[in-house]
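3D model of this:
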Amino acid sequence: MNDAMSIPHLIMNASGVVQAVMLLLLLGSLLSWVVIFQRSFVMRRARRAHRDFEDRFWSGVDLNELYRETPPEQETLGAEHIFRAGFREFNRLLPKTRSPQAILDGVQRSMRVAWSREEDRLNLHLVFLATVASSSPYIGLFGTVWGIMGSFQSLSMAQQATLATVAPWIAEALIATAMGLFAAIPAVIFYNRLSAESSRMLGKYEDFAEEFHSILHRNLQGRGDAAAD
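You can find the predicted model right below:
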C-alpha cells in the first residue's frame, strides 16, 4: 500500500474538522467500552447477590435473624436492599398502629422506594451508551460529508482532474464513516443486552417484593388470629 494512502497517514493529514470528528468518535468509543465493562461487572455482581440472598431467604431462617445479619442499607443491593427497607418499616410501624393495612401500605411504599433506587443503580450510564449508539453514525457522516466537500474543492482547483487528486479526501471521509460505525455498533449491541439484563433483574426484585409482602400479610393475619383467641 502506498504510504500516502495508509490509514495513519490519512488520519494525520486529514483536515482539522475531520480530525476533530475522528477524535470525538474515538473518545466516545473508549468511554462506551469503559461503561460496557463497568455495567457488565455490576450486572454480574447483582445476579450473584440476588441468588445468594434468595438462597438465605428461602432457607427457612427467621426474618428477624436475617434482618440482623444484613449489612447496613448503604452496603446492600438488590433484593437484600428491598428486604431490609421493607422489614425495617414493618418493625417501625408494628408497635405504632393496630391496622394491618396501614402497616402493609407503609412496607409497600418503602420497598417501592428501594426498588426505584435499584432501578437507578442498574440503569446508570446506559443513557450514555444509547447516545453513542444513536449519534456516532451521524457524527461520522458529518466527517464524510466534509471530506467529500474537500475533495470537490480540490478537484475544482486542480488543472487536471485525476483520481489521485480526490482520493485522499474521499479516503479520509470514509475513515470517518468507519469510525462512526466502530463506535456505534458495540454501543448498540451492549445497550440492548444490558437493558434486557437490567429489566430481568428488576422483574426478579419486583417478584421478591410481592412474595415478601405476602409473607408479611400472612404474619399479620396470624398475629390477629392469635390475639382474637
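
how near is Glu80 to Arg112?
As defined by CB to CB, to the nearest Å, Glu80 lies at a distance of 16 Å from Arg112. Every C-beta, even on glycine, is put in place using the N, C-alpha and C of the backbone.

ok, Pro71 - how many residues close by?
When neighbours are counted by other CB atoms under 10 Å, Pro71 registers 10.

check which helix or strand covers it.
According to DSSP states H and E, Pro71 maps onto no helix or strand at all.

Same question for Phe190.
Counting by DSSP H and E, Phe190 is found in helix 163-228.

which of Glu80 and Arg112 has more neighbours?
Taking other CB under 10 Å, Glu80 and Arg112 do not tie; Glu80 has more neighbours (24 against 15).

okay, and for the chain, where does confidence drop off?
Applying pLDDT under 70 to the chain picks out residues 1-11, 13-14, 154-168, 222-229.

can you do 80?
1-16, 72-75, 147, 150-173, 222-229 (pLDDT under 80).

Centroid-nearest residue for it?
The centroid of the chain falls nearest to Leu126 when counting by CA atoms, centre = their mean (3.3 Å).

show me what contacts that one?
Remark: with contacts taken as CB atoms under 8 Å, 6 or more residues apart in numbering, Leu126 is in contact with Val35, Arg39, Tyr191, Leu194, Ser195, Ser198.

swap in Val145?
Going by CB under 8 Å, 6+ apart, Val145 touches Ala173.
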